[in-house]
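Student: Need a 3D model of the following:
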Amino acid sequence: MSGLSPYYTLGCSQIVPAYNCNPCPTLEKGRVSSVAFIKPGFSFIDPTNPTEWVAAIEAGNVVMIPNTRGKFDGGTAKKADGYGRALERFSNYEFKLSFNDLNFYPNAAFYDTIDKTTNWGMAFFTKTVLWIVNEAVTFTTKDEVTEDVESDVVWVTECSWQSTHHPMKFTAPAGVQNCFQTA
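Tutor: Sure thing, here's the model as predicted:
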């Protein structure tokens, strides 16, 4: 015998960051108010830098959709079969985000193409927070017309992705949630 005892790691130990207890927290308001489609292979060096956003938009690496109305489900945990004495184990999250865009007719070609991509990422904005998705996102678009003569025809986009992590959150950069005309 070599004198070494075999060992097994029991469980998965994770370092948990400290919890920030603030008796007077700053609250974030709901609604997905803008959405950005992020071209495959592009990533921000500093996502809070407005100059970097404008350069990315002008270069065609980001498509900004301002003034949306949408919601994000926060994710649903998916479980897998457990091993040993555990009944189940965490597998990943499935996330869903949906938004409406009033810029209907001029964007038909864009929405009829983006839903056929398989490798674009996305970001979205709430009141003061930028949320970045670091996974490929599946987009499904539709342009439903109702019988209500007072209703607006809008693009409705359903976004879905899977990840072991929630979207990364940053302070939203100022002045980037606007319409941009690029060549």
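
Student: For this protein, which segments are assigned as helices?
Tutor: 50-58, 108-114 (DSSP state H).

Student: from those helices, which stretch is densest packed?
Tutor: Of these, the one with the most neighbours on average (mean count of other Cβ atoms under 10 Å) is helix 50-58, at a mean of 16. All C-beta atoms are positioned from the backbone trio N, CA, C, and that covers glycine.

Student: So which elements touch that helix?
Tutor: For helix 50-58, the elements it packs on are strand 62-65, judged by 3 or more Cβ pairs under 8 Å, 6 or more residues apart in numbering; DSSP states H and E.

Student: Run me through the strand neighbours of the strand it packs on, direction for each.
Tutor: The pairing partners recorded for strand 62-65 under DSSP bridges are strand 34-38 (antiparallel).

Student: Give the full set of residues in contact with Thr76.
Tutor: By Cβ atoms under 8 Å, 6 or more residues apart in numbering, Thr76 lies in contact with Tyr93, Glu94, Phe95.

Student: ugh, wrong one, I meant Val153
Tutor: Shown in contact with Val153 (Cβ under 8 Å, 6+ apart): Phe104, Asp143, Glu144, Val145.
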